[in-house]
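Visitor: okay, structure incoming, though there's no sequence with it:
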């Protein structure tokens, strides 16, 4: 079985998704989970983008020991220096250099001729070799680059000292046949190609990212780049969990495998979804809520007789388990703790006690508490943001013939209490206006979304908001069986994140740039 290396770019390319802005603690949480998942290489960010991103990459570099930590860099000396500063504490650092190579990018973006591209990239790789033994080079928009010139670029990168050459289908333009043929051509025509690894980086603009990545594997690619849940700019990137499970399920065909700990896939997917605020579609392959659901009577009959009639992957393979222990308001602490362990949470005694009290509150509202309920409850506060404000109570008055009003009581970090009430166009609007009056924060609600975490009339609702203030944008999440309470919790959570980010300084806000 040929080993296919996995290069995860969730923390860099995935974070470029509109509306996603991960802080350092959230990046660390995801990085540690990627390490548990068995990712070979983690692209932690773009250090030159901002001081904040440099610090975040450095924090990941210090914390992660079992994966190579990668920093992105343009073919510029200041970028390379910033990446070195961010990665100098990494146990196994790697620099990811890129420079566009396609005719359209050369003409309109770089305003360079072919020779200038070759000279610029060559100089950058040679300069970077002073600091890094591992260098990946990406000719941006390689998919729309002339094949003969792409061969020249690859030969140049090998001579200059690159250890990996990545072939990005930057705009998701190619078909699997075309993309696979690039790797075949490079393998057959580039001198010294055996000295390096070839990597595939695909975008999903035409819905072919995973198919293209697998076509690259069939034609000699050594590494696949992508993100968890396929998040990323525009239509996203190759979904790494899809590639890993395709290689695992069809090992007879691909004769290749990854180092993924497959049982960690579901948990990783949930974590990335929670911290980015990007919901996983129900019909998403491998990790969607319906990926292992069967409603058709014919399908159900087949499943009852033999699961393999309609299931090619066991849910247990990716870490999903059916609960054998039903939890409700009469359950004890021991049963609750065992359930947490079963779900993969390793909490200390104080954390268990705090979670248990929250569980009891939830159990009083629901007849039965499901695994999804517990995950939502725990993961709502996976990353502790200093709470300048804590929502204590809300009171909402609503009638279809009257103006909705809301009253909130908020406790501050110093113990002070704020109480305000307001009317609004709707109940949520009234709540938010009351919170604004109490905190005296002037913010813009850029996005508001709500989804059901579980099923039934007493389902948990999760609200996700995006607040903007000047040049700062933050996300907030709230979970409750009452959507108005969840809405208030999400808003206060976002305000707390805003205050924390404001302390760091608006200058550290990541400037999201469309890259490879």
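Guide: Good, I have the coordinates. Every value quoted in this text rests on a predicted model; they were computed, and no experiment measured them.
Visitor: in which helix or strand would I find the residue nearest to residue 269 when sequence neighbours are not counted?
Guide: Excluding its sequence neighbours, the residue lying closest to residue 269 (Cβ to Cβ, 6 or more residues apart in numbering) is residue 287, at 4.0 Å. Placement of C-beta: from N, CA and C, glycine included. For residue 287, there is no enclosing helix or strand under DSSP states H and E.
Visitor: again, but for residue 72
Guide: strand 68-74.
Visitor: so who does the spatially closest residue to residue 482 that is not a sequence neighbour touch?
Guide: Distance criterion Cβ to Cβ, 6+ apart; nearest residue to residue 482, sequence neighbours excluded, is residue 461 at 7.4 Å. Residues near residue 461 by Cβ atoms under 8 Å, 6 or more residues apart in numbering: 450, 451, 452, 453, 479, 480, 481, 482, 483, 486.
Visitor: does residue 461 have beta-bridge partners, and which?
Guide: Judged by DSSP bridges, the bridge partners of residue 461 are residue 452, residue 480.
Visitor: so who does the closest residue to residue 246 other than its chain neighbours touch?
Guide: Spatial nearest neighbour of residue 246, excluding adjacent residues (Cβ to Cβ, 6+ apart): residue 214 at 5.9 Å. Applying Cβ under 8 Å, 6+ apart to residue 214 gives the contacts 176, 243, 246, 247, 254.
Visitor: distance of the first one from residue 399?
Guide: Okay, so that is residue 176. 58 Å (Cβ to Cβ, to the nearest Å).
Visitor: of the two, which one has the most company?
Guide: residue 176 (18 against 8; other Cβ atoms under 10 Å).
Visitor: the more buried one reaches residue 217, doesn't it?
Guide: No. Look at residue 176 against residue 217 with Cβ atoms under 8 Å: they stay out of range, at 10.7 Å.
Visitor: list the buried ones in the helix or strand harbouring residue 62?
Guide: According to DSSP H and E, residue 62 maps onto helix 51-63. For helix 51-63, burial by neighbour count (16 or more other Cβ atoms under 10 Å) applies to 52, 53, 54, 55, 56, 57, 58, 59, 60, 61, 63.
Visitor: nearest to residue 137, of the residues you listed?
Guide: residue 57 (18.9 Å; Cβ to Cβ).
Visitor: I'd guessed the closest one sits against residue 88; true?
Guide: No. Look at residue 57 against residue 88 with Cβ under 8 Å: they stay out of range, at 10.6 Å.
Visitor: ok, residue 499 to residue 232 distance?
Guide: On the measure of Cβ to Cβ, residue 499 and residue 232 end up 29 Å apart.
Visitor: before we move on, what about residue 360?
Guide: The value you get for residue 360 to residue 232, if Cβ to Cβ is used, is 40 Å.
Visitor: for residue 105, grab phi and psi.
Guide: As for residue 105, its main-chain torsions (degrees, to the nearest 10) stand at phi -80, psi -40.
Visitor: my guess is it contacts residue 139, does it?
Guide: No. In this structure residue 105 lies outside contact range of residue 139 using Cβ under 8 Å: 9.4 Å.
Visitor: those two - which one has more neighbours?
Guide: Legend: neighbour count by other Cβ under 10 Å for residue 105 and residue 139, higher for residue 139 (28 against 20).
Visitor: please name the nearest non-neighbouring residue to that one.
Guide: residue 101 (3.6 Å).
Visitor: same check, this time on residue 437
Guide: In space, residue 437 is closest to residue 420, 4.1 Å off (Cβ to Cβ, 6+ apart).
Visitor: is the one you found part of a helix or strand, or is it coil?
Guide: strand (DSSP: H, G, I helix; E, B strand; the rest coil).
Visitor: leaving out chain neighbours, which residue sits closest to residue 271?
Guide: residue 33 (5.3 Å).
Visitor: show me what contacts that neighbour?
Guide: 264, 267, 268, 271.
Visitor: just the element for the last one, please.
Guide: Secondary-structure assignment from DSSP H and E places residue 271 in helix 265-276.
Visitor: chain center to that helix: distance?
Guide: 7 Å (Cα atoms, centre = their mean, to the nearest Å).
Visitor: that's a helix at residue 316, yeah?
Guide: Yes. According to three-state DSSP, residue 316 belongs to a helix.
Visitor: need the nearest residue in space to it, chain neighbours excluded.
Guide: residue 263 (7.7 Å).
Visitor: from residue 490, how far out is that neighbour?
Guide: 31 Å.
Visitor: which of these two has more neighbours?
Guide: The neighbour count for residue 263 versus residue 490, taken as other Cβ under 10 Å, is higher for residue 490 (28 against 16).
Visitor: in the chain, what spans have low per-residue confidence?
Guide: 293-304, 321-331, 365-368, 370-372, 376, 379-386, 453-458, 504-516 (pLDDT under 70).
Visitor: run the chain-centre distance for the longest helix along it.
Guide: Longest helix in the chain, counting residues (DSSP state H): helix 483-504. A distance of 20 Å separates the centroid of the chain from that of helix 483-504, by Cα atoms, centre = their mean.
Visitor: stretch 470-480 now?
Guide: With Cα atoms, centre = their mean, you get 16 Å for stretch 470-480.
Visitor: touching, residue 120 and residue 74? I think so.
Guide: No. Counting by Cβ under 8 Å, residue 74 is not a contact partner of residue 120; they are 9.9 Å apart.
Visitor: more neighbours: those two, which one.
Guide: When residue 120 and residue 74 are compared for neighbours, residue 74 comes out ahead with 20 against 16, by other Cβ under 10 Å.
Visitor: which strand residues bridge the more buried one?
Guide: residue 98.
Visitor: please renumber the chain so that the first residue is 38 from this point on.
Guide: Okay, residue one is now 38; in that scheme the one you just asked about reads as residue 111.
Visitor: can you tell me how far it is from residue 132?
Guide: Counting by Cβ to Cβ - residue 111 and residue 132 are separated by 11 Å.
Visitor: can you check residue 151 too?
Guide: 24 Å.
Visitor: and those two? which has more neighbours close in?
Guide: The residue with more neighbours, out of residue 151 and residue 132, is residue 132; 27 against 15, by other Cβ under 10 Å.
Visitor: contacting residues for that one?
Guide: If you count contacts by Cβ under 8 Å, 6+ apart, then residue 132 has 107-108, 110, 117, 120-121, 124, 165, 168-169, 171-173 around it.
Visitor: for residue 240, which non-adjacent residue is spatially closest?
Guide: Nearest one to residue 240, counting by Cβ to Cβ, 6+ apart, is residue 209 at 3.8 Å.
Visitor: from memory that neighbour sits against residue 242, does it?
Guide: Yes. Residue 209 is in contact with residue 242 according to Cβ under 8 Å; the separation is 3.0 Å.
Visitor: looking at the two, which is more packed in?
Guide: A count of neighbours by other Cβ under 10 Å puts residue 209 above the other of residue 209 and residue 242, at 20 against 16.
Visitor: what about the more buried one, distance to residue 180?
Guide: 8 Å.
Visitor: please apply the same query to residue 452.
Guide: In terms of Cβ to Cβ, residue 452 sits 59 Å off from residue 180.
Visitor: ok, those two, which is more surrounded?
Guide: residue 180 (23 against 6).
Visitor: and the gap between that one and residue 205?
Guide: From residue 180 over to residue 205 (counting by Cβ to Cβ), the distance is 7 Å.
Visitor: ok, residue 540 - contacts?
Guide: Contacts of residue 540 (Cβ under 8 Å, 6+ apart): none.
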